[in-house]
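Participant: task: produce atomic coordinates for the following.
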Amino acid sequence: MKKYIVLFIFLFISLASALYIYSGILSTTDEKTVQWKHKEREIRSRLLAVPILLYHNIDGKGPFSVNSDVLRSHFQLIREKNIRVIPLRELIERLENPVPFDDKVIVLTFDDGFLSMYEKLWPLVLEFNYPVTLFVYTDFVHFRSKKMISWKKLMEMDRSLVDIQCHSQSHEDLTEFSEAGDLDSRMRLFEEIHLAGRIMELYLDKKIDYYAFPYGRYDAGIVEMTINSGYDRVFSTDYGSNVITRDNYCLNRQHVKRDYSIDYMESIILGVR
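Facilitator: Residues are numbered from 1 along each chain as shown. Down below sits the predicted model:
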């Protein structure tokens, strides 16, 4: 009888050990499956990079101004290639919850705040139903001339397909203040980054979430100040598309210049460049 009891205990322990090991294998397998699914999603996200185009003036002077008929051809090309123009905010939402887009998408941005944004860009935006983001620096609006836009016009645009965001106070090279490091320079950085956003919030009666660096120039200290000032994302002029990952705080934008051919623009729009 004693022998049977010992045998029963041995079989019970063996069965319990087997179940424990088996459950551990299942748990490890499930964990690896979940990890692989996350990895697969990340890979697919990186394959579906999103370009952000950067324009400046329309029908103006200089290499960064494009003619209105050329801009129309760019908008038409985007439509012909079945590329969906999405609001910048939609891209940011995907960055917060990294899920790739099912279709080909692109983001359109314009810098500075020329009057041509109201007179020439906005009619095109309404015609094509393309959402755009306009980064404005506040001094350009305050010290108005014939080529500069007004707060009233900005508010009007902001209500329909145009999202107005911050491009500093005076469009100075922020790295010069950062490198100087003295108290006056630190105060200027505060004005250019933090104060500029708060001024825009007062005039436009909205929260300002994004900041575009003047000339696309920045360093680690400048990025840290934008974070402390409450901006959700910042934007450079570094070339390249943007992969959909949560870590993307500073996003790239692709400059569009006057002398770009339509073939070159097609390569940018399709994410080849």
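
Participant: for the strand ranked longest in the chain, give the mean pLDDT please.
Facilitator: What stands out as the longest strand in the chain, according to DSSP state E, is strand 105-112. Averaged across strand 105-112, pLDDT comes to 96.

Participant: do the same with stretch 85-99
Facilitator: Mean per-residue pLDDT for stretch 85-99: 89.

Participant: try stretch 133-149
Facilitator: 84.

Participant: now do the same for Leu202: helix, strand or coil?
Facilitator: Following DSSP: H, G, I helix; E, B strand; the rest coil, Leu202 is assigned to helix.

Participant: one step back: which neighbouring elements make contact with the longest strand of the chain?
Facilitator: strand 52-55, strand 84-85, helix 88-96, strand 132-136 (3 or more C-beta pairs under 8 Å, 6 or more residues apart in numbering; DSSP states H and E). To be clear about C-beta, it is placed using only N, CA and C from the backbone, and glycine gets the same treatment.

Participant: contacts for the third one?
Facilitator: If I follow you right, that is helix 88-96. 50, 52, 100-101, 105, 107, 109, 131, 133, 163, 165, 209-210, 232-233, 242, 244-246, 248 (C-beta atoms under 8 Å, 6 or more residues apart in numbering).

Participant: buried residues in the helix or strand harbouring Met155?
Facilitator: Met155 belongs to helix 151-158 when assigned by DSSP states H and E. Within helix 151-158, the residues that count as buried by 16 or more other C-beta atoms under 10 Å are Trp151, Lys153, Leu154, Met157, Asp158.

Participant: just name the closest of those residues to His171, please.
Facilitator: Closest approach to His171 among these (C-beta to C-beta): Leu154, at 16.2 Å.
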